[in-house]
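Colleague: what would the 3D arrangement of this be:
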Amino acid sequence: MTHAFAERPALPDPASAPELFEGLLTRRVVAYLIDVVIMGTIVLAVALAGTILGFLTFGLAWASLVFLVPGSIVLYYALTLGSARRATVGMQMMDIVLTPARGQVLDGWLAIVHALVFWVTIWISWPVAFLFVLFTPRRQMIHDLLLGTLMVRRSPMARHWQRMRTMEREGY
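Modeller: Below is the predicted model:
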């Protein structure tokens, strides 16, 4: 790695790669709504199965719903954000992807932590969490800033990283 490449920021800059951030806020909101519908369906299916099993086990299975419902949501994030696509179903539909920074690998654990910090910050103070995205140049929310992640558009991202690798090879 050249010295010039090491001095560049780890995250793409909206000034040098605006195509990565075009319509990102709207895409994030729509992706979130799609994911809420999907998670609602999953929770409904788990709750229905738990209710039926609760009758068959004389109420014992109902106690497990306290763990199964949040667990199903966490599993959704781990399987989607922690996959090679690095995107939930809603994010894939809206052409956005979660990009890690600071040299870490985006695996299932970081995906789970990302989701948990998102839900905690939304639960504690949703107006502040949403205001962050309006005033950060990369449209990052609090949990993105804390974890060093970034949402970008998937389709132009491949071209951006190819350009960065070319610059590295040429010594820029």
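Colleague: I'd say Ser72 and Gly40 touch.
Modeller: No: taking contacts as C-beta atoms under 8 Å, Ser72 lies outside contact range of Gly40: 10.9 Å. C-beta coordinates here come from the backbone N, C-alpha and C atoms, glycine included.
Colleague: so which of the two has more stuff around it?
Modeller: More neighbours surround Ser72 than the other of Ser72 and Gly40, with 15 against 11 (other C-beta atoms under 10 Å).
Colleague: which element follows the helix or strand hosting the more buried one toward the C-terminus?
Modeller: Element membership for Ser72, per DSSP states H and E: helix 60-81. Proceeding N to C from helix 60-81, the next assigned helix or strand is helix 89-93, under DSSP H and E.
Colleague: buried residues in the helix holding Ser72, which are they?
Modeller: For helix 60-81, burial by neighbour count (16 or more other C-beta atoms under 10 Å) applies to Ala61, Leu65, Leu68, Val69, Ile73, Tyr76, Tyr77, Ala78, Thr80, Leu81.
Colleague: same list, those, but as CSV with pLDDT please.
Modeller: Shown next, in CSV, are those (pLDDT from 0 to 100):
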residue, pLDDT
Ala61, 90
Leu65, 93
Leu68, 93
Val69, 93
Ile73, 91
Tyr76, 94
Tyr77, 89
Ala78, 86
Thr80, 91
Leu81, 87
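Colleague: ok, back up a step: which strands or helices does the helix holding Ser72 pack on?
Modeller: helix 24-56, helix 108-135 (3 or more C-beta pairs under 8 Å, 6 or more residues apart in numbering; DSSP states H and E).
Colleague: quick one: the buried residues of helix 60-81 as CSV, columns for distance to Gly50 too.
Modeller: Below are those laid out as CSV (distance: C-beta to C-beta, whole Å):
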residue, distance to Gly50
Ala61, 6
Leu65, 4
Leu68, 6
Val69, 8
Ile73, 14
Tyr76, 17
Tyr77, 20
Ala78, 20
Thr80, 22
Leu81, 25
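Colleague: so Thr99 makes contact with Val152?
Modeller: Yes: assessed by C-beta under 8 Å, Thr99 is found in contact with Val152 at 5.5 Å.
Colleague: tell me the confidence at the residue of the chain most remote from its centre?
Modeller: Taking C-alpha atoms, centre = their mean, the residue of the chain most remote from its mean C-alpha position is Phe58, at 39.0 Å. If you check Phe58, the pLDDT there is 89.
Colleague: from Ala115, how far off is the closest residue to Met39 other than its chain neighbours?
Modeller: Of all residues beyond its chain neighbours, the one nearest Met39 is Ile73 (5.5 Å), with distances taken as C-beta to C-beta, 6 or more residues apart in numbering. Ile73 sits 8 Å away from Ala115, going by C-beta to C-beta, to the nearest Å.
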